[in-house]
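Student: with the input below, show me the fold.
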Amino acid sequence: MRELKDQVTSFGLDASITFVGHRKDVKQIMSISRLVFSLTKVPEAFGRISLESLSLGVPVIAYSHGGVKEQLSEILPEGLVSVGNINNVAKLACEWINKPPVIKRNNSFTLEKMLENTLKIYKKMVREI
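Tutor: All right, here's what the predicted structure looks like:
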């Protein structure tokens, strides 16, 4: 974390970037954000932050892997960037700050759909036993 803070300082971004630590009001923070990034180099199985951001109408720029890739492929495919390509991340962020993308409304990643699909798998497994 110290290295990241040092980089922010070296680029003169101290007034623009805040390290807040653990927060319980992430939804409120995301709702006032102009962009959300999901740039983990290790793929996440689901990627809840991406869906929460998109549901608030906040665009997401993410590395193209894991659950986030599946989500953005359907909702905001132009937000996907190849893993590690920080130059494309920066370029896209600059474009979207000036002209935010339209976020497709989505019903595929709801709790109800997840439960329905999970039950289908369980029922199939029971039939195969």
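Student: quick one: the strands in this structure, in order.
Tutor: 36-38, 60-63, 80-81 (DSSP state E).
Student: let me know which of those strands is tucked in deepest.
Tutor: Each of the strands of the chain was assessed for mean neighbour count using mean count of other Cβ atoms under 10 Å. The highest is strand 60-63, with a mean of 25. For the C-beta atoms, the positions are set from N, CA and C on the backbone; glycine is no exception.
Student: that one pairs with which strands, parallel or anti?
Tutor: According to DSSP bridges, the neighbouring strands of strand 60-63, each with its direction, are strand 36-38 (parallel), strand 80-81 (parallel).
Student: out of these, which gets the lowest mean score?
Tutor: Looking over the strands paired with strand 60-63, mean pLDDT reaches its minimum on strand 36-38, with a mean of 94.
Student: centre of the chain to that one, how far?
Tutor: In terms of Cα atoms, centre = their mean, to the nearest Å, the gap separating the centre of strand 36-38 from the centre of its chain is 5 Å.
Student: go on, stretch 30-46?
Tutor: 3 Å.
Student: for stretch 100-108, same thing?
Tutor: Its chain's average C-alpha position is 13 Å from that of stretch 100-108, according to Cα atoms, centre = their mean.
Student: low pLDDT regions in the chain?
Tutor: 107 (pLDDT under 70).
Student: before we move on, the earlier item: same list (the strands paired with strand 60-63) but as JSON lines, adding distance to Gln28.
Tutor: Conversion of those to JSON lines gives the following (distance: least, Cβ to Cβ, whole Å):
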{"stretch": "strand 36-38", "distance to Gln28": "13"}
{"stretch": "strand 80-81", "distance to Gln28": "26"}
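Student: out of the strands of the chain, nearest to Ile97?
Tutor: Between Ile97 and the strands of the chain, the shortest gap by Cβ to Cβ is with strand 60-63, which sits at 10.9 Å.
Student: using PDB, write out every CA atom in the closest one.
Tutor: Output of strand 60-63 as PDB, limited to C-alpha atoms (Å, rounded to 0.1, in the frame of the first residue of the first chain):
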ATOM      1  CA  VAL A  60     -17.100  -0.100 -14.900                       C
ATOM      2  CA  ILE A  61     -13.700  -0.600 -16.500                       C
ATOM      3  CA  ALA A  62     -12.400  -4.100 -15.800                       C
ATOM      4  CA  TYR A  63      -9.800  -6.700 -16.700                       C
END
